[in-house]
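Novice: okay, structure incoming, though there's no sequence with it:
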Ligand code: IPE
Ligand code: IPE
Ligand code: MG
C-alpha cells in the first residue's frame, strides 16, 4: 500500500529568539539584530506559505520585554511601525492575513492605529494567517479569557476558555519552534501548546533560513502524536 505523503504542520508557532546575540557577535547594537530579525521573518513567512503551512504565529514582543533597556524597547517599537508600513502591501499581495495578538493597552495610539490598519488591509487574504504576538504573554491571555467569561457570567469550561482566548480564530499549534538555543517557553502560548510538538534550534533567529525550517518540519514529521492514546491505537487509526 502506498504511504501518504508526510504531513505539513497546519499551524507553526515560533519564538524568534537570538537577535541580540546575532548583533553582539558582529559588534553591532542589539537593535540591528532585531532589524535583521524582520528580514528573517519575511523569508520565513514566504517559506511557510510555499510549503502549505496555513497558520504561522510568531512571538515578537513579550509582556516581559518591557523590562529591557528603554533604548532597546523604543527601538523595537519604531522597528515595528516601520516594518508594518513597508511590509504590509507585499504581505497582502502574497495572500497573508495579519492578526496582532496581545494587550493593546500600553501601546502608543500610533502603534494601535497601525496594527488595526494592517489587519483591515489584509482581512480578505486566505493563503496564510500570520499572527504576530506583540505585548503578549500566555498568562495574560489565560487571565483575560477568564475575565471575559466571568464578565459574561459564563462557566469556565475548556470550550468556553478556548473561545475567549486571543487565538480563538485558529486551531492550536502543531509545531512549536524556538530558535536561539534556549529550551524554555518564556510565557508563549501556554494554553494553546498543550499538544504542540516542540523543536529547539541552536540557530539564532536572523540565521533561521529555509533549510532550518525544513529541518524543523522533518523533525515534526518523524514524531508520533498520540494525544494520550497508545502507539498501537494510533497506528490502527492511521491504517
Ligand atoms: C528575540 O531576540 C527578540 C525579542 C525578544 C524582541 P532577543 O533580543 O531576545 O535576542 P537574545 O536572546 O538577546 O540573543
Ligand atoms: C522570548 O524571548 C520573547 C520573544 C522572542 C519575543 P526572550 O529573549 O525575551 O526570552 P527569555 O527572557 O530569554 O526567557
Ligand atoms: Mg532572547
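Specialist: Good, I have the coordinates. Just so it is clear, the structure is predicted and the values come from calculations on it, not from any experiment. Ligands and ions are numbered 1, 2, ... in the order given.

Novice: which stretches in this structure count as helices?
Specialist: All helices of the chain, identified by DSSP state H, fall at 19-25, 30-51, 70-93, 109-121, 138-152, 158-164, 210-222, 231-238.

Novice: could you dump the ones you listed to JSON lines with mean pLDDT?
Specialist: As requested, the helices of the chain are exported to JSON lines (pLDDT from 0 to 100):
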{"stretch": "helix 19-25", "mean pLDDT": "98"}
{"stretch": "helix 30-51", "mean pLDDT": "98"}
{"stretch": "helix 70-93", "mean pLDDT": "97"}
{"stretch": "helix 109-121", "mean pLDDT": "97"}
{"stretch": "helix 138-152", "mean pLDDT": "98"}
{"stretch": "helix 158-164", "mean pLDDT": "98"}
{"stretch": "helix 210-222", "mean pLDDT": "98"}
{"stretch": "helix 231-238", "mean pLDDT": "93"}
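
Novice: of all the ones you listed, which one is nearest residue 190?
Specialist: Within the helices of the chain, the stretch nearest residue 190 is helix 138-152; the backing value is 3.1 Å (Cβ to Cβ). Every residue, glycine included, has its C-beta placed from N, CA and C.

Novice: hmm, that closest one in reach of ligand 2?
Specialist: No: counting by Cβ under 6 Å from any ligand atom, no contacts exist between helix 138-152 and ligand 2, the nearest distance being 11.0 Å.

Novice: residue 59 contacts residue 188, doesn't it?
Specialist: Yes: counting by Cβ atoms under 8 Å, residue 59 does reach residue 188; the two are 4.9 Å apart.

Novice: which neighbours do the two have in common?
Specialist: Shared contacts of residue 59 and residue 188, defined by Cβ atoms under 8 Å, 6 or more residues apart in numbering, comprise 13, 15, 133, 136.

Novice: out of the residues you listed, which end up buried?
Specialist: If you count burial by 16 or more other Cβ atoms under 10 Å, the buried members of the shared contacts of residue 59 and residue 188 come out as 13, 15, 133, 136.

Novice: can you list the helices of the chain in TSV and add mean neighbour count?
Specialist: Shown next, in TSV, are these (neighbours: other Cβ atoms under 10 Å):
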stretch	mean neighbour count
helix 19-25	18
helix 30-51	19
helix 70-93	15
helix 109-121	15
helix 138-152	15
helix 158-164	14
helix 210-222	16
helix 231-238	10
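
Novice: need those helices in TSV (columns: distance to residue 196).
Specialist: Putting the helices of the chain into TSV (distance: least, Cβ to Cβ, whole Å) gives the following:
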stretch	distance to residue 196
helix 19-25	23
helix 30-51	16
helix 70-93	24
helix 109-121	25
helix 138-152	12
helix 158-164	15
helix 210-222	10
helix 231-238	17
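
Novice: out of the ones you listed, the one nearest residue 176 is which?
Specialist: That would be helix 210-222 among these, by Cβ to Cβ, at 9.6 Å.

Novice: that closest one versus helix 30-51: what angle between them?
Specialist: Counting by axes from the mean of the first three to the mean of the last three Cα atoms, to 10 degrees, helix 210-222 lies at 60 degrees to helix 30-51.

Novice: tell me how far helix 210-222 lies from the chain's centre.
Specialist: Relative to its chain's centre, helix 210-222 lies at 16 Å (Cα atoms, centre = their mean, to the nearest Å).

Novice: understood, closing this out.
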